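> Next comes the sequence, and after it the predicted model I'd like to discuss.
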Amino acid sequence: MSDPYFFGYGSLVNLATHEYGDPRPATLQGWRRLWCETSYRKAAFLSIAPAPGAQIQGLMAQVKDGDWQALDAREAGYDRLDATHQISHELAQQVPCAVYAIPQSKAAEQRPSPAPILLSYLDVVLQGFMQIYGELGARGFMDTTDQWDRPVLNDRAAPLYPRHQQLENAQRQLVDALCKDYGLDTI
């Protein structure tokens, strides 16, 4: 039996945030990405919700020997779901593949002031999409993600996201341009 894979649609697309093997572009069918919040975190983070007919780009990578412990710890608060039959990829055969999602039971009800998106987190996500899919992929991420109706907290000077990465000038300029193009309020 072959090693299973995971499908990442946010920070896991950025190869600098993990060392999982055989990373490759992939697409998840029937889901849409969204910013959400729970009572466990003060900032918004990415999840997915079922959306018939929708698809999102991301990255799949191998979980050696099916050892999910480290990845489950990284994705604490998420449920690991089987997505084997919803992943499109270029492998010659179908492989077991999982995706992480926040269950509705853990999602916080919308607060009067929605939790902000950390710019250091958005930087990591968009850097990953730029590396794998180029500028069009970064724009595609923005287009296929919902719940942008929240502020973006500019924490670049003192990053709050634990897996923050240094962006090249061109990457930072593109992230800033995308925030402006999509009308995101940076605080």
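All right, it came through fine.

> Skip the chain neighbours and tell me the closest residue to T145.
Leaving aside its chain neighbours, T145 sits nearest to R33 (4.3 Å; criterion: Cβ to Cβ, 6 or more residues apart in numbering). No exception for glycine: its C-beta is placed from N, CA and C like everyone else's.

> average pLDDT for stretch 35-54?
Averaged across stretch 35-54, the pLDDT comes to 90.

> V63 and D22, how far apart?
10 Å (Cβ to Cβ, to the nearest Å).

> hey, what's in contact with both of the two?
Common neighbours of V63 and D22 (criterion: Cβ atoms under 8 Å, 6 or more residues apart in numbering): Y5.

> quick one: which of those two has more around it?
Ranked by neighbour count (other Cβ atoms under 10 Å), V63 and D22 place V63 first, with 21 against 13.

> Which elements pack onto the biggest helix by length in the chain?
Secondary structure of the chain per DSSP state H: the longest helix is helix 119-143. Using 3 or more Cβ pairs under 8 Å, 6 or more residues apart in numbering; DSSP states H and E as the contact test, the elements touching helix 119-143 are strand 21-36, strand 45-62, strand 152-153, helix 169-181.

> Which residues does the last one contact?
Identification of contacts with helix 169-181 by Cβ under 8 Å, 6+ apart yields 119, 122-123, 126-127, 130, 135, 138-139, 142, 152, 167, 186.

> now that helix and helix 119-143, what's the angle there?
60 degrees (axes from the mean of the first three to the mean of the last three Cα atoms, to 10 degrees).

> re the thing from before, and the longest helix of the chain, which residues are buried?
119-133, 137-139, 141-142 (16 or more other Cβ atoms under 10 Å).

> Widest-spaced pair of the contacts of helix 169-181?
Greatest spatial distance among these (Cβ to Cβ): E135 and T186, at 20.1 Å.

> Would you mind putting the helices and strands packed on helix 119-143 into TSV with distance to G8 alongside?
Putting the helices and strands packed on helix 119-143 into TSV (distance: least, Cβ to Cβ, whole Å) gives the following:
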stretch	distance to G8
strand 21-36	9
strand 45-62	5
strand 152-153	21
helix 169-181	19
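
> end to end, how far does stretch 75-88 reach?
22 Å (Cα to Cα, to the nearest Å).

> Check stretch 96-116 too.
Chord length of stretch 96-116, first to last residue, is 34 Å (Cα to Cα).

> quick one: average pLDDT of it?
Mean predicted lDDT for stretch 96-116 stands at 77.

> what angle do the longest helix of the chain and strand 21-36 make?
Counting by the same axes, to 10 degrees, helix 119-143 lies at 90 degrees to strand 21-36.

> which is the next helix or strand following helix 119-143?
strand 145-146 (DSSP states H and E).
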